[in-house]
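Asker: Here is a sequence with its predicted model. Questions after.
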Amino acid sequence: MLPFSFEWVWDTVHLVFHGGLWYALSILGMGMTYCIIKAAVDTYQGKGGHH
Amino acid sequence: MDSALIPKGVKRCPLPQFGVALMIVGAVLLWGVFALLLVWFKGLNQTNMNNAYGFALWIWADLGVIALGGGAFFTGFLKYIVGKDELKNIINFAVLIGFICYSSALLILAIDVGQPLRSWFIFWHANVHSMLTEVAFCLSCYFGVLTIEYIPLILENRQVDKVPFFHNLSHNMHEVMAIFAATGAFLSFFHQGSLGGVAGVMFGRPFGFREHILIWPYSFFLFTWSAAACGPCFTIFVTKLTEKIAGKKLVKDNVIELLAKISGWMLFTYIIAKSIDTIYWANVTVPSMGHTLMDFYSNNPGSVYGIWMLIAEIGVCGLLPAIILITEKGRKTPALLWTAVILASIGVLLNRWVMVLQVMAVPVLPFETWNRYFPSWQEIATTILPVAYGVILLMISYRYLPIFPQEAELNPIEEPDPTPALEAEGDAEAVELAQDAELAPAKG
């Protein structure tokens, strides 16, 4: 799963399979991190507190 | 009692009535949980799987719910990537159905692996030559996408939305949803396809084997195609069923008709591709492996797997609903629309049954006979379990979350100002509700 795992081999299939997995996880992780940080900043600036 | 949680401008049944319905479905859920615990504690000996049926009812259910949940990725693709903005009025419900289907698929897999504590092995000790590894990767990631798409709905609950951080988070997630939806469409394309590819690469089983384009058998493309065609049909079916049970219209006709039309064309083109694939397989692939088409459709116990399976899958549950959905009159006639979406949903389930269970039933060696299998009650109960779970999540989501944006407009409630009368009665909860209604601004 990760290059420092003892089963890891630097070949095409490992790069494609695991590269695809980490690519997708990175998009989801970065997207959510952006949303959470921006929500915290917005809240700090007093946005969304209309209720 | 729970009226403060119900979305503004809509009406729901009384809480006791809701509670009774929840308890009835909950009893079915508990039956499934009991069977699940039996399987987890006693092992796979609780099933009727055997050496011939390593894949059985659970894997069919798995493939079935994944195909039916395809409405989420395809509707998301149409709305966020293609730009069919009308579909914003049904995308929430499609996401909810997708979330239920994919969480059900993961639950079934957690039962099927027999040793769920080692589920992480498929990620850490991945077999990079297996299509099922790719399915596991994409399935898990896509479930993450569906969860991310479902979270804003929860955050839009009337009370949760009052918390500024949650309000902002929901707003921000909506803003970048196109990125998540595109990722979801990418992941879905591959895992839906790889599920079909599993049967297509088995050259030792001529019934499932298909010719290839590079490393991908034709069944890879057909599975993705059929999920994109039939998933939205299932979304329409559940929407119509919810409308029937709720006794009111929840989505405007133009939205349903647009989705039905696109599904119809997807289904029509899929059936053409499927027919070409079947004709080529029957006339070229199968004879090259020493068989005839009828070897797979005759001489089996009780003639369960007769040629009728092929006719039912391609004709009755494929071509017929496709023709209904691509014709304007068919889409606009309620009875025909119901028939088409039900048949299309059955059709994709039948296809998955054929590609999982009939593949296992067909003898592969000259001295073998057809393999028999009937699921144990534990297998049946654990297959019904996700259905009960899905119904419960649908009920709770429909009651407390703004799933249908057009519901309030389609079902206006004439509410007189309740404040003075309620204050007189001392109904503090209702007073608070009325004050909420006055203070809350219109949502942008």
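Answerer: It's in. Every value quoted in this text rests on a predicted model; they were computed, and no experiment measured them. Residues are numbered from 1 along each chain as shown, chains lettered A, B, ... in the order given.

Asker: Going by C-alpha atoms from here, please, whenever you check contacts or count neighbours.
Answerer: OK.

Asker: How much space separates the residue nearest to residue B:243 when sequence neighbours are not counted from chain A?
Answerer: Setting aside the residues directly before and after it, residue B:243 is nearest to residue B:249 in space (C-alpha to C-alpha, 6 or more residues apart in numbering or on different chains), at 5.6 Å. Using C-alpha to the nearest C-alpha, to the nearest Å, residue B:249 is found at 30 Å from chain A.

Asker: May I have the residues that are in contact with residue B:249?
Answerer: Residues in contact with residue B:249 (C-alpha atoms under 8 Å, 6 or more residues apart in numbering or on different chains) are B:243, B:407, B:410, B:411.

Asker: Close to chain B: what parts of chain A are there?
Answerer: Taking C-alpha under 8 Å from any C-alpha of the partner chain as the contact definition, chain A meets chain B at A:1, A:7, A:13-14, A:17, A:21, A:24-25, A:27-28, A:31-32, A:35-36, A:38-40, A:42-43, A:47-51.

Asker: Of the residues you listed, which belong to helices?
Answerer: A:13-14, A:17, A:21, A:24-25, A:27-28, A:31-32, A:35-36, A:38-40, A:42-43 (DSSP state H).

Asker: The residue nearest the centre of chain B: what's it in contact with?
Answerer: Closest residue to the average C-alpha location of chain B: residue B:69 at 2.3 Å, with C-alpha atoms, centre = their mean. Applying C-alpha under 8 Å, 6+ apart to residue B:69 gives the contacts B:97, B:98, B:99, B:100, B:101, B:102, B:227, B:231, B:234.

Asker: which of those residues has the most neighbours?
Answerer: Within the contacts of residue B:69, most neighbours by other C-alpha atoms under 10 Å in any protein chain shown means residue B:227, with 33 neighbours.

Asker: The residue in the stretch 201-350 of chain B that chain A sits nearest to - how many residues pack around it?
Answerer: Closest residue of the stretch 201-350 of chain B to chain A, C-alpha to the nearest C-alpha: residue B:215 (12.6 Å). When neighbours are counted by other C-alpha under 10 Å, residue B:215 registers 10.

Asker: From residue B:164, how far out is it?
Answerer: Per C-alpha to C-alpha, to the nearest Å, residue B:215 is found 50 Å from residue B:164.

Asker: Kindly state the pLDDT recorded for residue B:421?
Answerer: For residue B:421, the model assigns a pLDDT of 49.

Asker: Also residue B:237?
Answerer: Residue B:237 is given a pLDDT of 97.

Asker: Who's the closest spatial neighbour of it, skipping the chain neighbours?
Answerer: Spatial nearest neighbour of residue B:237, excluding adjacent residues (C-alpha to C-alpha, 6+ apart): residue B:341 at 5.8 Å.

Asker: What helix or strand is that neighbour located in?
Answerer: Using DSSP states H and E, residue B:341 maps to helix B:334-353.

Asker: which outside residues touch that helix?
Answerer: Under C-alpha under 8 Å, 6+ apart, the answer for helix B:334-353 is B:60, B:63-64, B:67-68, B:226-227, B:230-231, B:233-234, B:236-237, B:312-314, B:316-318, B:320-322, B:324-325, B:330-331.

Asker: Among the contacts of residue B:69, which ones lie close to chain A?
Answerer: Of the residues in the contacts of residue B:69, proximity to chain A by C-alpha under 8 Å from any C-alpha holds for none.

Asker: These in helices, which ones?
Answerer: If you go by DSSP H, the contacts of residue B:69 have B:97, B:98, B:99, B:100, B:101, B:102, B:227, B:231, B:234 in helices.

Asker: any idea what sits nearest residue B:174, other than its immediate chain neighbours?
Answerer: Spatially, and ignoring its direct neighbours in sequence, residue B:174 is nearest to residue B:152 (7.3 Å; C-alpha to C-alpha, 6+ apart).

Asker: same thing with residue B:63?
Answerer: Distances taken as C-alpha to C-alpha, 6+ apart place residue B:352 nearest to residue B:63, at 6.3 Å, with adjacent residues excluded.

Asker: what's the answer for residue B:267, then?
Answerer: Going by C-alpha to C-alpha, 6+ apart, residue B:267 has residue B:229 as its nearest residue, at 5.0 Å.

Asker: Next, count neighbours for the one you found.
Answerer: Neighbours around residue B:229, by other C-alpha under 10 Å: 32.

Asker: so what pLDDT did it get?
Answerer: Predicted confidence (pLDDT) for residue B:229: 96.

Asker: Quick check: which element contains it?
Answerer: Applying DSSP H and E, one finds residue B:229 within helix B:218-246.

Asker: Give the other helices and strands that that helix contacts.
Answerer: Judged by 3 or more C-alpha pairs under 8 Å, 6 or more residues apart in numbering or on different chains; DSSP states H and E, helix B:218-246 is in contact with helix B:57-68, helix B:70-76, helix B:88-112, helix B:177-200, helix B:253-280, helix B:334-353.
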